[in-house]
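Student: quick one: sequence and predicted model below, then my questions.
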Amino acid sequence: MLDTADKPGKPPVPTAAVTYEVTGKGTADIAYQGRSEGGTATVDRAVALPWKKTVQVPLGRPPLVSITLGEKGGQASCSLAVRGEHVQTASAYGRFGRATCQAELASPKPSGAAG
């Protein structure tokens, strides 16, 4: 039986847990970076708020969540946490308002490392 997870010559890409959260009322289009090694985003359209998702993001790819409000406008805020630590918050207002939260994603420091 062939195990497709063990492809010779290509080690698995290390990842980190990233939690995206969008608060507010109404709906918004939400784009976020997930496990894609190619850096493509997943887009969920007309999502009922509030919304929250934890995904694995490859190290070296910036975790990102972007929100776009609809024609009715309103207010929504995005936030981003890496390995359980809050990193950034941004807010969108009004008709077709936009906001983006993004962070750097590096390897964690080894235990006992000075820094």
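Tutor: Sure, I can see it.
Student: low-confidence ranges, the chain, go.
Tutor: When residues are selected by pLDDT under 70, those of the chain lie in 1-10, 37-39, 108-115.
Student: can we see that at 90?
Tutor: Low-confidence regions of the chain, defined here as pLDDT under 90, cover residues 1-14, 25-26, 33-41, 58-62, 72-73, 104-115.
Student: in it, which spans are strands?
Tutor: Listed in chain order, the strands found in the chain under DSSP state E are 15-24, 27-33, 41-48, 51-58, 64-69, 75-82, 85-93, 98-102.
Student: which residues touch the third one?
Tutor: With CB atoms under 8 Å, 6 or more residues apart in numbering as the test, strand 41-48 has contacts from 22, 26-34, 36, 51, 64, 66, 70. Placement of C-beta: from N, CA and C, glycine included.
Student: repeat for the fourth one
Tutor: Residues outside strand 51-58 that contact it (CB under 8 Å, 6+ apart) are 13-22, 28, 30, 32-37, 44, 63, 105.
Student: CA atoms of stretch 19-34 as CSV?
Tutor: Only the C-alpha atoms of stretch 19-34 are listed here, as CSV (Å, rounded to 0.1, in the frame of the first residue of the first chain):
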residue,chain,number,x,y,z
THR,A,19,-6.5,31.4,15.4
TYR,A,20,-8.4,33.9,13.3
GLU,A,21,-11.5,35.6,14.8
VAL,A,22,-13.9,38.1,13.3
THR,A,23,-16.4,39.9,15.5
GLY,A,24,-19.3,42.2,14.6
LYS,A,25,-22.8,41.9,13.4
GLY,A,26,-24.2,40.9,10.0
THR,A,27,-22.1,39.2,7.4
ALA,A,28,-18.6,39.7,5.8
ASP,A,29,-16.4,38.0,3.2
ILE,A,30,-13.4,36.5,5.0
ALA,A,31,-10.2,35.5,3.4
TYR,A,32,-7.5,33.6,5.4
GLN,A,33,-4.3,31.8,5.1
GLY,A,34,-4.4,28.1,5.9
